[in-house]
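Asks: build me a structure from this.
(one chain, ligands or ions: 3)
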Amino acid sequence: MAQVLSKIKEPQDLQQLSEAELEQICQEVRDVLIQTIATNGGHLAPNLGIVELTLALHLVFRTPDDKIVWDVGHQSYVHKLLTGRQEEFKTLRTYQGLAGFPKRSESPHDCINTGHSSTSISAALGLAFARDLKRKDNAVVAVIGDGALTGGMALEALNHAGNESTDLIVVLNDNEKSIADNVGAISTYLTRMRTDPRYFRNKEEMEDMVKKIPSIGPQVFKILEKVKEGVKHLMVPGVLFEELGYSYLGPIDGHNLTELRNVLNNARQLKGPVLVHVLTKKGCGYGPAEQNPGLFHGVGPFDVKTGKVHKTEGPKTYTQIFSDTMMQLARQDERVLGITAAMPDGTGLAPFARAFPARFYDVGIAEQHAVCMASALALEGLKPVVAIYSSFLQRAYDQIFHDVCLQKAPVVFAIDRAGLVGEDGETHHGVYDISYLRHIPGLTVMSPKDENELQHMLYSAYKLNSPVAIRYPRGQGLGVPLDQVLQELPYGQGEVLQEGQDLLIIAIGTMVQPAVEAAQLLAGKGIEVTVINGRYIKPLDSDLILSKARSISHVLTVEENVLDGGFGSAVQELLQDQQVECKVRRIGIPDSYVQHGALSMLKKDLGLTAENIAAVAEGFIGKQSQPPRRGNLKIAPIMSNVKLAFRGEK
Ligand SMILES: Cc1ncc(C[n+]2csc(CCOP(=O)(O)OP(=O)(O)O)c2C)c(N)n1
Ligand SMILES: CC(=O)[C@@H](O)[C@H](O)COP(=O)(O)O
Ligand SMILES: [Mg+2]
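Replies: Numbers count the residues shown, from 1 in each chain. Ligands and ions are numbered 1, 2, ... in the order given. Predicted coordinates:
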């Protein structure tokens, strides 16, 4: 029972607590985090590591007047517990429950929505300028991790803020981890500061130390003061940040509440940009998470006692199929390279990295850099495969156009988490990539109906000598058999899965299976459906689509992407441009943001189910249902594992 935590209805309640109660509340928060995330899943390790820091921030700064921006925001659960959301906390990341990231709609204490990395300093600087323009005097704080600091946006904002006189506090939560180990020169620099005993807590300590040198101390300090650079480079940690215009405080122990409060109070008094360097341990306070912060970065439900994550039985995930195929390609061809933006495990490139370290690049949270670097590698005759989640790839839209497609660099984009992702919600659903890719000249865009087709698509993309993007979903495949030999798919061609004269359904990617199931439901009502697996978003299989649409009066498209500019739009444009007389209806994601929740709930809500496709189709063609005609209805091969319920076949 969280005796002390339950007293906290608003952050200012913390001020009444004794030192002992403050220590106790840290333990109580950890217990709530562990118990809740063991059931709901979520970002346990990042939040366990930031308990004391969050408490200290809410003791020193008075939100919502003072503003705290949480970079990525995956580590904002503690903040939510301290800002009046303890009651709903058990609904964390569930359908219509508490979000796993800061949401302005949830609380005035959430001043800025986050979810994608490295935005906090930019947003905080905007809040600071707004404060100045409105002649207010509240504090503005950005809390950014060492991983997020490798993101280009963070460096752009650091560069800007360092040159401004506006009061801004950047708290660097340095736990030496991104999702995996952190990478890059900045990370190395931070590690040096962490590990070198010479670095003092702050300049005052250093001044005291020099002045205390017997008899010559004050003179020495005067000389050192004159040789400012020397003092800085010799003894002041964080000289990099000092050189950029920041008052640097740290590195400090991020689990020592007293020290945190003192330094944050100091920071609050300082004028101009301040950087507070805080050292924390990711997963702090729960053994399994401390030992494996990568696994417990974003973890599924687990057993608290053993730390064992509940295993999901069944087919391999699309990510695992991508991973296995990459290993196959890499063994065949030494030109094949793997590139990730700080997500080797999430994208499935970790085995590739272990087997082919010289052909693997983890660029940090730097999607733009990853894509541009890949273009040059491809132009030099190598075969780079850039694996980036759909929503994170949005960061590199211009690089896809400017650095890859415009100069025809044969880069392969492995776009994982394309479509709805579930509990991560609106910032992470990969539902825009068909729309943001299909209009780029020279880019081929594909999406597999199942995991077997994914491996063939990846092989086909590798064989193509032009830019290619393959979009595939988070989660398990359909459990279809995997061909042992990789096949090159006929370029630009779709696939007819079954024939019928009443309706044409053209589906793409994850929506092909539900479309075939819907066709079976419709057949039970005497409605005969032709189903096409689109396979290619670009180029569309115009010949196939036109040949079918010219003889079938109703065309229904289905996609797990927004409707605007999506696959259905492409089909509509084709039919319109070719003056095909037919009616078109599109099923996809409407022009609104999709919240977080279990995938099944979200897909049901959005009508991305066989039942809804059938219902829409029935209404669309307006045909009175008739008894099923005995016909030679060819059932799609991918459906072999789905029970043919309507005809009583087992
Ligand atoms: C643009 C973007 N790319 C990738 C991610 C995935 N991601 C979420 S958290 C994270 C690591 C963040 O590391 P750090 O900032 O050090 O926070 P920590 O988890 O260590 O507290 C990554 C890569 C993201 N959210 N946004
Ligand atoms: C916070 C963040 O952006 C990542 O941790 C993301 O939640 C990972 O998503 P997956 O769980 O789909 O790999
Ligand atoms: Mg980190």
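Asks: buried set for the host helix or strand of Asn266?
Replies: According to DSSP states H and E, Asn266 maps onto helix 257-269. Applying a neighbour-count criterion of 16 or more other C-beta atoms under 10 Å, one finds 257, 259-264, 266-267 buried in helix 257-269. The C-beta positions use only the backbone N, C-alpha and C, and glycine is treated the same way.
Asks: stretch 477-493 too?
Replies: 477-478, 480, 482, 486, 489, 492.
Asks: strand partners of the top strand by length along the chain, parallel vs antiparallel please.
Replies: Longest strand in the chain by number of residues, with DSSP state E as the criterion: strand 554-562. Using DSSP bridges, strand 554-562 pairs in its sheet with strand 503-507 (parallel), strand 583-589 (parallel).
Asks: and whatever residue of the chain ends up closest to ligand 3, what does it touch?
Replies: The minimum distance from the chain to ligand 3, using C-beta to the ion, falls at Gly145 (3.8 Å). By C-beta atoms under 8 Å, 6 or more residues apart in numbering, Gly145 lies in contact with 46, 71-72, 75, 172-175, 178.
Asks: repeat that with 6 Å
Replies: Counting by C-beta atoms under 6 Å, 6 or more residues apart in numbering, Gly145 touches Asn173.
Asks: bridging residues for it?
Replies: With DSSP bridges as the criterion, Gly145 is bridged to Asn173.
Asks: how near is it to Pro301?
Replies: Distance, Gly145 to Pro301, by C-beta to C-beta, to the nearest Å: 24 Å.
Asks: out of the strands paired with strand 554-562, deepest packed?
Replies: Across the strands paired with strand 554-562, the average number of neighbours (mean count of other C-beta atoms under 10 Å) peaks for strand 503-507, which reaches a mean of 28.
Asks: so how far is that strand off the chain centroid?
Replies: Distance, stretch centre to chain centre, for strand 503-507: 32 Å (C-alpha atoms, centre = their mean, to the nearest Å).
Asks: and for stretch 157-166?
Replies: Distance of stretch 157-166 from its chain centroid, counting by C-alpha atoms, centre = their mean, is 27 Å.
Asks: which residues are in contact with the longest strand of the chain?
Replies: With C-beta under 6 Å, 6+ apart as the test, strand 554-562 has contacts from 419, 431-432, 434-435, 503-508, 510-511, 515, 549, 566-568, 571, 582-589, 613, 617, 620-621.
Asks: same thing with stretch 310-330?
Replies: Identification of contacts with stretch 310-330 by C-beta under 6 Å, 6+ apart yields 301, 336, 348, 351-352, 356, 414, 416, 451, 454-455, 458, 462, 472-473, 475-477, 479.
Asks: same question for stretch 362-374.
Replies: Residues outside stretch 362-374 that contact it (C-beta under 6 Å, 6+ apart): 117-118, 147, 150-152, 183-184, 339-342, 344, 384, 386, 388, 392, 395-396, 399, 403, 411.
Asks: kindly state the beta-bridge partners for Val445.
Replies: Per DSSP bridges, the residues bridged to Val445 are Ala469, Lys538.
Asks: in contact with it, which residues?
Replies: By C-beta under 6 Å, 6+ apart, the contact set of Val445 is 437-438, 469, 537-538.
Asks: ok, now which ones touch the closest residue to Leu563 other than its chain neighbours?
Replies: Nearest non-adjacent residue to Leu563, counting by C-beta to C-beta, 6 or more residues apart in numbering: Gly588, 4.2 Å away. Residues near Gly588 by C-beta under 6 Å, 6+ apart: 559, 561, 563, 566, 568.
Asks: which one of the residues you listed is nearest to Gly294?
Replies: Minimum distance to Gly294 across those is 30.4 Å, recorded for Asn561 (C-beta to C-beta).
Asks: just the pLDDT at the closest one, thanks.
Replies: Asn561 is assigned a predicted lDDT (pLDDT) of 98.
Asks: specify the beta-bridge partners of Asp181.
Replies: Bridge pairing for Asp181 (DSSP bridges) gives the partners Lys177.
Asks: so what's the closest residue to Leu295 other than its chain neighbours up against?
Replies: Once flanking residues are discounted, Leu295 sits nearest to Val309: 6.9 Å by C-beta to C-beta, 6+ apart. The contact partners of Val309, taken as C-beta under 6 Å, 6+ apart, are 299-300, 302.
Asks: distance of Val309 from ligand 2?
Replies: Counting by C-beta to the nearest ligand atom, to the nearest Å, the gap from Val309 to ligand 2 is 12 Å.
Asks: ok, back up a step: closest to ligand 2 among the buried residues of helix 257-269?
Replies: For the buried residues of helix 257-269, the closest approach to ligand 2 (C-beta to the nearest ligand atom) belongs to Leu260, at 23.8 Å.
Asks: tell me the pLDDT at the closest one?
Replies: Leu260 is assigned a predicted lDDT (pLDDT) of 98.
Asks: buried residues of stretch 114-131, list them for me.
Replies: Neighbour counts using 16+ other C-beta under 10 Å place 114-125, 127-128, 131 of stretch 114-131 among the buried residues.
Asks: from those residues, which ones fall inside helices?
Replies: 120-125, 127-128, 131 (DSSP state H).
Asks: you'd agree Pro46 is up against Gln75?
Replies: Yes: under the criterion of C-beta atoms under 6 Å, Pro46 makes contact with Gln75 at 4.0 Å.
Asks: count of neighbours near the residue in the stretch 201-350 of the chain that ligand 1 sits nearest to?
Replies: Using C-beta to the nearest ligand atom, the single residue of the stretch 201-350 of the chain nearest to ligand 1 is Ala342, 4.0 Å away. Number of residues near Ala342 (other C-beta atoms under 10 Å) recorded here: 27.
Asks: so it: helix, strand or coil?
Replies: Assigned state for Ala342: coil (three-state reduction, DSSP: H, G, I helix; E, B strand; the rest coil).
Asks: and if you look at Val69?
Replies: strand.
Asks: how far away is it from ligand 2?
Replies: Applying C-beta to the nearest ligand atom to Val69 and ligand 2 gives a distance of 15 Å.
Asks: pLDDT below threshold where in the stretch 151-300 of the chain?
Replies: 197-207, 209-210, 213-214, 224-236 (pLDDT under 70).
Asks: residue numbers of it in contact with ligand 3?
Replies: 175, 177 (C-beta under 5 Å from the ion).
Asks: so where do the helices sit in the stretch 151-300 of the chain?
Replies: Assigned by DSSP state H, counting those that start in this stretch, the helices in the stretch 151-300 of the chain fall at 152-162, 185-195, 203-211, 217-226, 228-235, 239-243, 257-269, 287-291.
Asks: the last one vs ligand 1: in contact?
Replies: I take that to be helix 287-291. No: shown here: helix 287-291 not in contact with ligand 1 (C-beta under 6 Å from any ligand atom), separated by at least 11.5 Å.
Asks: who does that helix touch, helix- and strand-wise?
Replies: Packing partners of helix 287-291 (3 or more C-beta pairs under 6 Å, 6 or more residues apart in numbering; DSSP states H and E): helix 44-48.
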